[in-house]
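[1] model the structure of this input:
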Amino acid sequence: MTTDTIADFTKAPRRRIVAIDIARGVALLAMASYHFTWDLEFFGYAPAGLTEFGGWKLYARCIASTFLFLVGVSLVLAHAHGIRWNGFWKRLGMVAAAALAITIATYFATPNAFIFFGILHQIALASLLGLAFLRLPALATLVIAALVIMAPHHLRSPFFDHPSLWWVGLSTVPPRSNDYVPLFPWFGAVLAGMAATKFAESAGFLTWLAERKLLRAMRPLELAGRHSLAFYLIHQPLLIACVWLFSQVWPAQVVSLETGFMNSCEASCRQTRDADFCPRYCTCMLGELNVDDGLDKLSKADQTADFQRHVGDLAAQCTASTDAGVSGGAVQ
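    Sure, this is the predicted structure:
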């Protein structure tokens, strides 16, 4: 996860609004807490799939949405009354370079799920696209934001299944990545931030907010918010290093591939089905995937569209057979 916010676009002609830096700092701490939990899961100290489903998944989406919303806020504050190109290109270059560094580093660290279009990539692209909406009325910007957010529910197509188009976010099969923040629907959060800032400016709320004084206790959050890109780039390597060092002294219990799959499968299944259905369904999936080394391919995050469709077909078969079995058991 989940960050411009990560590039700081909030140097507006008016007095700096410290509350925005504080909001960004709070989001950074939330992001660090999520990443730390992900690290614990990655090293085997937390159940497989913990951060992918349920409350943790919602938590991650809220964090990413907050960062991107603040991207929109900062774009309007910095450039609504005239784009300051020198500052814009400098900050955009920093974010783009950091995004490229993240891609390269994760390609070597986790090649099967490397970050090819994560939060930094989204911020770089959204910052460019957002310039086209600076002059648009607030209400129109908000309407477009809603359309962008809804797009994946209505415009998905096999045309976008090619890896070169995964960044768009309209593929029928979601690609495997440790941080995937495509254009649709996430650009909608940036536009929402832009719309909200335009409404706030017209209501005089920004002037009021700029006059608020910083509480001393908020100073660390304000500093983190001002240097959000550095915080983003540094915190996760430090967290991973700490967990790795801990694992050298107190290693986590080794879990078999089958057990890991069952834990993750049941965690996902319980989001929509009951406790009677999920163990049977996951046992069916495990049996089917063990044919032709499917489980091994899944564990290596095989990203081919054909394999993903095959897994989808197996899921449909196991859902049907499990439903029949559960219904039959209930009748008996």
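
[2] kindly provide the distance from Gly44 to Cys282.
    Distance, Gly44 to Cys282, by CB to CB, to the nearest Å: 20 Å. C-beta here means a position set from N, CA and C on the backbone, and glycine is covered the same way.

[3] more crowded one of the two?
    More crowded of Gly44 and Cys282, by other CB atoms under 10 Å: Cys282, with 21 against 15.

[4] quick check: closest non-adjacent residue to the more buried one.
    Once flanking residues are discounted, Cys282 sits nearest to Cys265: 3.9 Å by CB to CB, 6 or more residues apart in numbering.

[5] host element of that neighbour?
    Following DSSP states H and E, one finds Cys265 within helix 257-269.

[6] quick one: contacts of that helix?
    With contact meaning CB atoms under 8 Å, 6 or more residues apart in numbering, helix 257-269 is reached by 47-50, 52-54, 255, 277-279, 281-283, 285-286, 289, 295-296, 298-299.

[7] same check, this time on stretch 175-187
    Contact partners of stretch 175-187, identified using CB under 8 Å, 6+ apart, comprise 1-2, 64-65, 68, 102, 106, 110, 112-119, 121-122, 125-126, 129, 148-152, 155, 163, 166-170, 174, 301, 303.

[8] again, only using 6 Å
    1, 68, 113, 115, 117-119, 122, 126, 148-149, 151-152, 166-170, 301, 303 (CB atoms under 6 Å, 6 or more residues apart in numbering).

[9] what's the ChimeraX syntax to select whichever of those residues are buried?
    Buried residues among the contacts of stretch 175-187 (16 or more other CB atoms under 10 Å), as a ChimeraX selection:
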select :1,68,113,115,117,118,119,122,126,148,149,151,152,166,167,168,169,170,303
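
[10] thinking again about what came up before, list only those of the contacts of helix 257-269 flagged as buried.
    Neighbour counting by 16+ other CB under 10 Å classes 48-50, 53, 277-278, 281-282, 285-286, 289, 295, 298 among those as buried.

[11] follow-up on the earlier one: neighbours of the residue nearest to Cys282, how many?
    Look at Cys265: counted by other CB under 10 Å, it has 23 neighbours.

[12] what pLDDT is listed against it?
    With respect to pLDDT, Cys265 has a value of 87.

[13] which parts of the helix holding Cys265 are buried?
    Buried residues in helix 257-269, counted by 16+ other CB under 10 Å: 260-269.

[14] all the helices of the protein, residue numbers only.
    If DSSP state H is used as the criterion, the helices of the chain fall at 18-42, 54-79, 85-109, 119-130, 138-154, 183-202, 205-210, 219-226, 228-249, 257-269, 277-289, 294-299, 305-331.

[15] can I get the helix or strand bottoming out on mean pLDDT in the chain as PDB, trimmed to CA atoms?
    Every helix and strand in the chain was compared by mean pLDDT, DSSP states H and E; the lowest is helix 294-299, with a mean of 76. Provided in PDB are the C-alpha atoms of helix 294-299 (Å, rounded to 0.1, in the frame of the first residue of the first chain):
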ATOM      1  CA  GLY A 294      -2.500 -26.400  -9.700                       C
ATOM      2  CA  LEU A 295      -1.900 -25.600  -6.000                       C
ATOM      3  CA  ASP A 296       1.800 -25.200  -6.700                       C
ATOM      4  CA  LYS A 297       1.000 -22.800  -9.600                       C
ATOM      5  CA  LEU A 298      -1.300 -20.800  -7.400                       C
ATOM      6  CA  SER A 299       1.200 -20.500  -4.700                       C
END
